[in-house]
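[1] Fold the following, please.
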Amino acid sequence: MRGRAVEIPKAIFKIIPKEKQEKLPSDENTPEKRADKLWSFFGKGENERVAEGEFIKGVMDNDDALRLIQCEPAK
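    Predicted coordinates:
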């Protein structure tokens, strides 16, 4: 479910220094925005589910999705 997808970005934001958070693109500067963007890569509705294996494969096969669950902002 899309609501659970925000858990990873929330955890990531806890370790991103505030000064780096301020430099993030406007569509990625909150955990919720990152979760929305990440969820869009899977083409699922808000109440649909992504299986764990599907999620792992999806982020490993897509550099943009993988970047959204990492601490370092795009350069």
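
[2] which residues of the chain score low on pLDDT?
    Scanning the chain for pLDDT under 70 picks out 1, 72-75.

[3] mind listing the strands for it?
    Applying DSSP state E to the chain gives no strands.

[4] how far away is Lys18 from Asn29?
    Between Lys18 and Asn29 the computed distance is 11 Å (C-beta to C-beta, to the nearest Å). Bear in mind the C-beta positions are built from the backbone N, C-alpha and C, glycine included.

[5] who has more neighbours, these two?
    More neighbours surround Asn29 than the other of Lys18 and Asn29, with 15 against 7 (other C-beta atoms under 10 Å).

[6] any idea how far that one lies from Ile16?
    Separation of Asn29 from Ile16 (C-beta to C-beta): 10 Å.

[7] Contacts only, for Ala5.
    Ala5 sits next to Ala35, Leu38, Trp39, Val50 when contact means C-beta atoms under 8 Å, 6 or more residues apart in numbering.

[8] So what touches stretch 46-59?
    With contact meaning C-beta under 8 Å, 6+ apart, stretch 46-59 is reached by 1-3, 5, 38-39, 41-42, 44, 65-66, 68-69.

[9] Now do the buried residues in that stretch.
    Val50, Phe55, Gly58, Val59 (16 or more other C-beta atoms under 10 Å).

[10] Just give me how far it sits from the chain centre.
    Mean-position distance between stretch 46-59 and its chain equals 12 Å (C-alpha atoms, centre = their mean, to the nearest Å).
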